[in-house]
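Asks: generate coordinates for the sequence data below:
(chains A and B)
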Amino acid sequence: MNTSKLIKQIYAYLGFHSLQKNAETDKLIAQCLDELKGIAHFRYTYKYFQTPPEFLTHSPYKEYLKGCSGVFLSVMTLGAEADAKIKFYSRTDAAKALVFDACASAYLEYLSDEYEKGLGDNLSYRFCPGYGGSDVCDLKFIFGLVKPEKIGVTLNSSNYMLPSKSMAGIIAVGVGAEKSCKSCVISAHCEYLKRGEKCYGSEKR
Amino acid sequence: MLRFGETVTVLDGGMGSELEKLGFTGTPEDLNVTRPDVIQAIHRSYSCADCVMTNTFGLNPIKYKGKYTIKELAEKAVENARAAGKKVLFDIGPTGAMLQPLGTLTFDEAYAAFAEVVEITKDIVDGYVAETFSDLYEIKACILAIKEHSDKPVFATMTFDSTGRTLTGSTPEIVANTLEGLGVDALGVNCSAGPKELESVVMRLLACSSVPIMVKPNRGLPVLKNGKTEYVLDIEEFDYYIKKFIDCGVAIVGGCCGTTPEFIKRISRYRGRKVKRRRIARATIINSATKAVNIDGVKICGERLNPTGKKKLKQALLDGNYDYLIDEAVAQAEAGADILDLNVGLPQLDEKAVMAEACRRIQEYVDLPLQIDSSDKNAVEAGARYYSGIPLINSVNGDDAVMDAIFPIAKKYGAVVLGLTMDGNGVPKTAKERFLIAKRIVERAEEYGIPRSKIMIDTLVVTASAEQKLVKETVDALRLVQRLGVKTALGVSNVSFGLPNRGLLNKTFLTMAMACGLNMPIMNPLDGEMVGAVKAFAVLSGEDINAEKYIDIFKDYTGAFSALRTAEPEHIAASSLYDCIKKGIKNQAAQLCENELETKDAMTVVNDILIAALQEVGRLYDSGKLFLPQLVASAEAAKCAFEAVTAKLPKGAAKREKIMLATVKGDVHDIGKNIVKVVLQSYGYEVIDLGKDVAVQAVAQAYLKHKPHYIGLSALMTTTVKSMEETIRVLRQTGCDRPIFAGGAVLNGEIAKRIGADYYTKDALALVKALENLK
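Replies: Numbers count the residues shown, from 1 in each chain, chains lettered A, B, ... in the order given. Okay, the predicted model is just below:
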């Protein structure tokens, strides 16, 4: 496991950005990751389409998928246990709850990235509804097609994925699309951009 | 009537995958009406089985969104299944929505959805299969809906992942204990994975449940082939495992995703084979959805959620302040309780409603099993119903009327019951007489079909100051009642009433009782000495093998043991209260604050130390030198100190401004709101936290009840900003003229203004500053 990449992301989620890390937070992160590994149950499900489903034929998806030879729709989760633990810590130690939450988000991304390596070569990054001006409500299309209930993920009426440490993504095959801030919906007032950083990794642009 | 469990029953195979193979996509349930010929043909292809299951997996009013009525589809589905000429089991799948507390669907809403389907079909089917559930709470709602609307057999199966847990974290043992307790006719596993991957789950179910076990695996794990997922396991291997399962005692077999009529034809050769008998040692187990406690050795039942003699808890219950109950529950869990007693009995309260709500709220934060403690049978039933798992009911006694009221509830929900060795004549003096009452309780329970493993006996503690000679009778009775094959409990701290140094007497009595076979002391788990005695006893009795748990707890023992674990690293120490707040050292804050209060008055401590330290922390945060986790840790430390100050002030002197917080309807992400809460509390505000996913009307009602000075609403996503707007509109309609603050990731000043909020604040500190500016 590439822990340094993971920890970098956790610090970014905690708002440490380019500032110095500190020993107490390091220790808390290590403790949370340790607990997380013991309780989280990473699950992943996907469906492959040679022709993109109808909802992906509109902007901004069509630009993102331009030239692709196929598309994966995927849903992944850390399971309900991570949510329960965050809730418990929100009562006993709010600072730890916050760190645990950041660790869980970063850990989910990390495991998803690792899993996707096994799906094949020449894949784009994971585009999630809500990115780049897309509508978060499009999640319902992914859910209708992938049926992630079988890995225990549901969508509520406000388009929240439950358990909360879940993600849904669109991955293009055959095009090397890379993440970019250009088309992001919040680029005008993004706190990361203001600091000259990106949300997907705390490295400098 | 169908009979199961004596000979092997074979069920059908995949329906969805057969439809997919034929090129049908869309809503499979609609095909019952649009293509009955296709559905009937599939059913007929499974006529080699004993029973077929209807094509109704997604047919419930929450999941089904098609154009037909539930009644139309359900009746047609049964008619189609009858074409196979076999017994017809009605298939019920989950709602597809997550139940509270993980999601937003209520238990009652799920129950009503399932009940609607059962009500339609109860007279036209031969039984029900609740299948592919991943949440224990939801399958409980489904089983109750079936059993309360029909007398047909109920099979219940859940899905498990490769780690051997359901998708919401229940083990096979928890699933078996709960479903068996709810009285299903068969329980087991379906879908999930192939038979090979399910082997361990199947063996664990066989080892712990005495009801017939049912297995319907997929055709192995799907593989990606030419861009398509395919099931590739061959019939030989599928059959190999099914035979193995049957040889080990499985009673009902079939197939799930990817299995075809050929698979079922192959395994149909086991039809009618005698089911292997299993010997199951019956243990006394109570469980939540994710934690099972086997009452063996000594297990601690936390007694602090009982208002008797507890003013603050009593007030919290009267105020509907469930936050206080949750904090008490969490503190006991952290201190090492195994089970929590829950008693909400106050004459002014609707005990039934409060018990149901308290059960729901506590389960959201704590995974320990609960002991439902009430003398009101309606409250007992409410607790048992809304609890996810198998509870312990406290209590019955030797009175027939009490047993006749409680045992039917215990039987229906599979609860374990605590029996008190007393009756209408009071508590008998001798151990022998108490034993006889225990015997009566056990025998009466058996008449209701409740086995001894579901009974615990409390031989009742008397106070040593009033009835010294009877203390010995209590422990003697403990020894006697074990002959009945039951586990034991005692409310140990009652022994010391009226005597000095109660802790010493309690601990000594606890040790005596444990040596005489006490399994469950009902006690204060925050008392480190008492918990220590239990841990030490576990070593000396041989329960804690190699003293592993004991060593883990006491390895850093330096002379002062506290049951509460310290959250802060040992090397951090605060030199002063100011330093303590700045560094965020929560567990030293109260003591350092009390030290300051010895020489300074309360307001000086608040203004010159607490607020000053928080302002410094805020300044560092604003200038980017300190970050959110540190800010929150400082706020928590300040909150502890503030509580210590408040305790010193005369009652009413610490009048604080009230702010009501809620994460709006539809929104379940509340970590931001929780941070705001801690920071506000650290500044001395009284926070009324309504929680997350709070209905619009509930916010308005809470406003009328609490009349807070300010209201804070949070929403994380664009989809719930609408809900925030609606909440503000209804609040204003209700007459609310208090400042409303809006916050959350997708909001800004402009949006906040547009939806009717008075202020937008970007984070917790900004909110504190805005509130200070309003003064």
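Asks: show me what from the stretch 651-775 of chain B comes close to chain A.
Replies: If contacts are counted using C-beta under 8 Å from any C-beta of the partner chain, the residues of the stretch 651-775 of chain B sitting beside chain A are B:666-669, B:671, B:674-675, B:678, B:717-720, B:723, B:748. Heads up, the C-betas are built off the backbone N, CA and C, glycines and all.
Asks: whichever of those end up buried, select them in ChimeraX.
Replies: Buried subset of these, written as a ChimeraX selection, criterion 16 or more other C-beta atoms under 10 Å in any protein chain shown:
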select /B:666,667,668,669,671,674,675,678,717,718,719,720,723
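Asks: now secondary structure and pLDDT too, for the residues of the stretch 651-775 of chain B next to chain A, in CSV please.
Replies: Below are those laid out as CSV (DSSP: H, G, I helix; E, B strand; the rest coil; pLDDT from 0 to 100):
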residue, secondary structure, pLDDT
B:G666, coil, 84
B:D667, coil, 84
B:V668, coil, 80
B:H669, coil, 79
B:I671, helix, 81
B:N674, helix, 85
B:I675, helix, 85
B:V678, helix, 87
B:M717, coil, 78
B:T718, helix, 77
B:T719, helix, 80
B:T720, helix, 85
B:S723, helix, 92
B:N748, coil, 88
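Asks: just the residues of the stretch 651-775 of chain B next to chain A now: which is nearest A:S4?
Replies: Lowest distance from A:S4 to these (C-beta to C-beta) belongs to B:I671, with 25.2 Å.
Asks: contact partners for the closest one?
Replies: With contacts defined as C-beta atoms under 8 Å, 6 or more residues apart in numbering or on different chains, B:I671 is in contact with A:I86, A:S90, A:A97, A:L98, A:D101.
Asks: which residues touch B:I755?
Replies: Counting by C-beta under 8 Å, 6+ apart, B:I755 makes contact with B:V721, B:M724, B:E725, B:I728, B:A742.
Asks: mind doing that once more with 10 Å?
Replies: B:I755 makes contacts with B:713, B:715, B:721-729, B:740, B:742, B:747, as judged by C-beta atoms under 10 Å, 6 or more residues apart in numbering or on different chains.
Asks: how long is stretch B:167-183 end to end?
Replies: 23 Å (C-alpha to C-alpha, to the nearest Å).
Asks: again, but for stretch B:141-156
Replies: 12 Å.
Asks: any idea how far A:Y107 is from the residue in the stretch 201-350 of chain B that chain A sits nearest to?
Replies: Closest residue of the stretch 201-350 of chain B to chain A, C-beta to the nearest C-beta: B:V330 (4.3 Å). Remark: distance between B:V330 and A:Y107 (C-beta to C-beta, to the nearest Å) = 24 Å.
Asks: picking that back up, only whichever of the contacts of B:I755 are buried, select them in PyMOL.
Replies: Only the buried members of those end up in this PyMOL selection, burial being decided by 16+ other C-beta under 10 Å:
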select buried, chain B and resi 713+715+721+723+724+725+726+727+728+740+742+747
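Asks: reformat the contacts of B:I755 as TSV; add secondary structure.
Replies: As requested, the contacts of B:I755 are exported to TSV (DSSP: H, G, I helix; E, B strand; the rest coil):
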residue	secondary structure
B:L713	strand
B:A715	coil
B:V721	helix
B:K722	helix
B:S723	helix
B:M724	helix
B:E725	helix
B:E726	helix
B:T727	helix
B:I728	helix
B:R729	helix
B:I740	strand
B:A742	strand
B:L747	coil
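Asks: ok, stretch B:524-542 near chain A or not?
Replies: No. Stretch B:524-542 stays clear of chain A (C-beta under 10 Å from any C-beta of the partner chain), getting no nearer than 13.3 Å.
Asks: what number of residues lie near B:A156?
Replies: Look at B:A156: counted by other C-beta atoms under 10 Å in any protein chain shown, it has 28 neighbours.
Asks: contacts only, for whichever residue of chain A sits closest to chain B.
Replies: Going by C-beta to the nearest C-beta, chain B is nearest to A:G152 of chain A, at 2.8 Å. A:G152 makes contact with A:41, A:43, A:45, A:77, A:79-80, A:162-163, A:166, B:98, B:102, B:134-135, B:159, B:161, B:166-169, according to C-beta under 10 Å, 6+ apart.
Asks: before we move on, back to that, neighbour-wise, which of the contacts of B:I671 leads?
Replies: A:L98 (29 neighbours).
Asks: do I have it right that it meets A:I29?
Replies: No. Look at A:L98 against A:I29 with C-beta atoms under 10 Å: they stay out of range, at 11.0 Å.
Asks: intersection of neighbour lists for these two?
Replies: A:L14, B:P629.
Asks: secondary structure class for B:F90?
Replies: B:F90 ends up strand, using three-state DSSP.
Asks: actually, A:L73.
Replies: Put simply, A:L73 is strand when judged by three-state DSSP.
Asks: how far away is it from A:K150?
Replies: 14 Å.
Asks: and B:A358, by the same measure?
Replies: B:A358 sits 33 Å away from A:K150, taking C-beta to C-beta as the criterion.
Asks: more crowded one of the two?
Replies: The neighbour count for B:A358 versus A:K150, taken as other C-beta under 10 Å, is higher for B:A358 (26 against 18).
Asks: the one helix or strand that one maps to packs against which elements?
Replies: In the assignment (DSSP states H and E), B:A358 maps to helix B:351-365. Here helix B:351-365 touches helix A:80-92, helix B:107-121, helix B:311-319, helix B:322-335, strand B:339-342, strand B:370-373, helix B:377-386, going by 3 or more C-beta pairs under 10 Å, 6 or more residues apart in numbering or on different chains; DSSP states H and E.
Asks: contacting residues around the residue in the stretch 601-750 of chain B that chain A sits nearest to?
Replies: Proximity of the stretch 601-750 of chain B to chain A (C-beta to the nearest C-beta) peaks at B:G666, 3.4 Å away. Contacts for B:G666 (C-beta under 10 Å, 6+ apart) come out as A:156-160, B:104, B:692-695, B:715, B:717, B:719-720, B:722-724.
Asks: let's see that with 6 Å instead.
Replies: B:G666 makes contact with A:S158, B:T720, B:S723, according to C-beta atoms under 6 Å, 6 or more residues apart in numbering or on different chains.
Asks: what residues does the stretch 401-550 of chain B put near chain A?
Replies: Applying C-beta under 6 Å from any C-beta of the partner chain, we find that the stretch 401-550 of chain B lies next to chain A at no residue.
Asks: show me where the stretch 401-550 of chain B has its helices.
Replies: B:431-447, B:470-481, B:502-515, B:528-540, B:548-554 (DSSP state H, counting those that start in this stretch).
Asks: among the ones you listed, which is nearest B:L11?
Replies: Ranking the helices of the stretch 401-550 of chain B by proximity to B:L11 (C-beta to C-beta) places helix B:431-447 first, at 33.5 Å.
Asks: helix B:470-481 and that closest one, what's the angle between them?
Replies: Inter-element angle recorded for helix B:431-447 and helix B:470-481: 40 degrees (by axes from the mean of the first three to the mean of the last three C-alpha atoms, to 10 degrees).
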